[in-house]
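A.B. asks: model this:
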Amino acid sequence: MRVGLVLAESRGGIGQHVASLVPRFVAAGHEVVVCGPPGTTAHFDFGQALVVSNPAGLRGCDVIHAHGYRAGMTALKDRTRLRPLIVTWHNAVIATGLRGHVMRLGQRLVARGADVTLGASTDLVELARGLGAKDVRLAPVAAPALSEAHTSPEAVKAALGIGEAPLVLAVGRLAPQKDYSTFLSVAALVASKQPDVVFAVVGGGPLQEDLQARIDAEGLPVRLLGHRDDVGDLLRAADVFLLTSHWEARALVIQEALQVGVPVVATAVGGIPELVGEAALLAPAGDTPALAVGVQTLLADSETASTLRERGWKLAGTWPDEDQVAHDLLTLYQGLVTSTPENR
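C.D. replies: Modelled structure (predicted):
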């Protein structure tokens, strides 16, 4: 098959997911075309795929798989030949006002235009079905397997200059969806009772200056670490992983945290509860006191922290890996291609 993969602007998990599919599809004997904006295609390594920026470059593909509803809109612009279109929904629309209204109209068009809609979490599946999608399926997105540790937790903390202080870590783009304002508020509340705790965030983004200004103004024990290539080592050094997002589907960073045995405190939003089950402490979005209690509990109660580590390891072992996800997608593609009238 000749497989077309479509992306909108991405610097995070969606682009990483698509980049993981390319070598697996190629290894299985298929050709791959990746279509996306130049900034996105330059940011990720798509290996042996043909990379194009115009949807017309997808002509000749046997199947098109768009990742995100914006990518789905791009794919719908050029359907000059009858071919299956799959769209994976990775994110919900959380914008309000006119922008949010326009985005939700786009979601409806994509839901009704796709042959198959895949949702990364159950709430996205239900949303797509409610908007008129004709064939909707749950399709978990796997986190990449983390590399072996290169640096010990003690050395990581020493490099950060925090000695043996407890480390609370977050990983993610500094953007509104992640609600780092609440993260900073949690840090302030925890620090008022445990001043030795250090909070750190891996990632960059448009809110970096505003967040740093608040950190400086309030004297918060928070480090903005920017982009790092040693996320696995940082996770292994963390005493708690904290996620404060307004919404997530199947957060790759939580999957990574549980894989390496970091106890997690997270907001009970989107697909997070179904992802973690009883392997994390959850609190409502924006509930600073509840999130702070979760962090304090894990730092003070070694038995609870150990229990969550064990549950996380066991749960992570049940998830499909990147090889299985790619195999399942190729099976879906093949079934759609062979059932398309012109291919019969």
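A.B. asks: use CA for all of it now, contacts and neighbours both
C.D. replies: Will do.
A.B. asks: which secondary structure element contains residue 328?
C.D. replies: In this assignment (DSSP states H and E), residue 328 forms part of helix 322-339.
A.B. asks: Same question for residue 165.
C.D. replies: Assigned by DSSP H and E, residue 165 falls within no helix or strand.
A.B. asks: I'd like the distance between it and residue 296.
C.D. replies: 14 Å (Cα to Cα, to the nearest Å).
A.B. asks: repeat for residue 166
C.D. replies: Residue 166 sits 11 Å away from residue 296 when distances are taken as Cα to Cα.
A.B. asks: Just the residues contacting the helix holding residue 328, thanks.
C.D. replies: 1, 20-21, 24-25, 62-63, 83-84, 140-144, 343-344 (Cα atoms under 8 Å, 6 or more residues apart in numbering).
A.B. asks: thought residue 295 was touching residue 240?
C.D. replies: Yes. Assessed by Cα atoms under 8 Å, residue 295 is found in contact with residue 240 at 6.9 Å.
A.B. asks: who are the neighbours in contact with residue 286?
C.D. replies: By Cα under 8 Å, 6+ apart, residue 286 lies in contact with 179, 182, 244, 246, 267.
A.B. asks: Just say helix, strand or coil for the nearest residue to the first one once chain neighbours are set aside.
C.D. replies: It stands for residue 179. Once flanking residues are discounted, residue 179 sits nearest to residue 245: 5.2 Å by Cα to Cα, 6 or more residues apart in numbering. Classification of residue 245 by DSSP: H, G, I helix; E, B strand; the rest coil places it in coil.
A.B. asks: residues in contact with residue 245?
C.D. replies: By Cα under 8 Å, 6+ apart, the contact list for residue 245 reads 177, 178, 179, 180, 266, 267, 269, 285.
A.B. asks: follow-up on the earlier one: residue 68: which of the contacts of residue 286 is nearest?
C.D. replies: Nearest to residue 68 out of those is residue 246 (Cα to Cα; 18.2 Å).
A.B. asks: if we can go back for a sec, which residues are common contacts for residue 295 and residue 240?
C.D. replies: Joint contacts of residue 295 and residue 240 (Cα under 8 Å, 6+ apart) are residue 265.
A.B. asks: Residue 199: what secondary structure?
C.D. replies: Here residue 199 is strand, with the state taken from three-state DSSP.
A.B. asks: didn't it look like it was pressed against residue 223?
C.D. replies: Yes. Contact criterion Cα under 8 Å: residue 199 and residue 223 qualify, at 6.2 Å.
A.B. asks: Mind checking which of those two has more residues around it?
C.D. replies: Ranked by neighbour count (other Cα atoms under 10 Å), residue 199 and residue 223 place residue 199 first, with 26 against 15.
A.B. asks: Contact partners for that one?
C.D. replies: Listed by Cα under 8 Å, 6+ apart, the contact set of residue 199 reads 167, 168, 169, 187, 221, 222, 223.
A.B. asks: give the contact list for the closest residue to residue 249 other than its chain neighbours.
C.D. replies: Among residues not flanking residue 249 along the chain, residue 271 sits closest, at 4.5 Å (Cα to Cα, 6+ apart). Residues near residue 271 by Cα under 8 Å, 6+ apart: 120, 121, 122, 123, 248, 249, 250, 251.
A.B. asks: Quick check: residue 271 vs residue 277, distance?
C.D. replies: Distance, residue 271 to residue 277, by Cα to Cα: 10 Å.
A.B. asks: same deal with residue 201?
C.D. replies: Note on residue 201: its distance to residue 277, by Cα to Cα, is 24 Å.
A.B. asks: For the two, indicate the residue with more neighbours.
C.D. replies: A count of neighbours by other Cα under 10 Å puts residue 201 above the other of residue 201 and residue 277, at 21 against 13.
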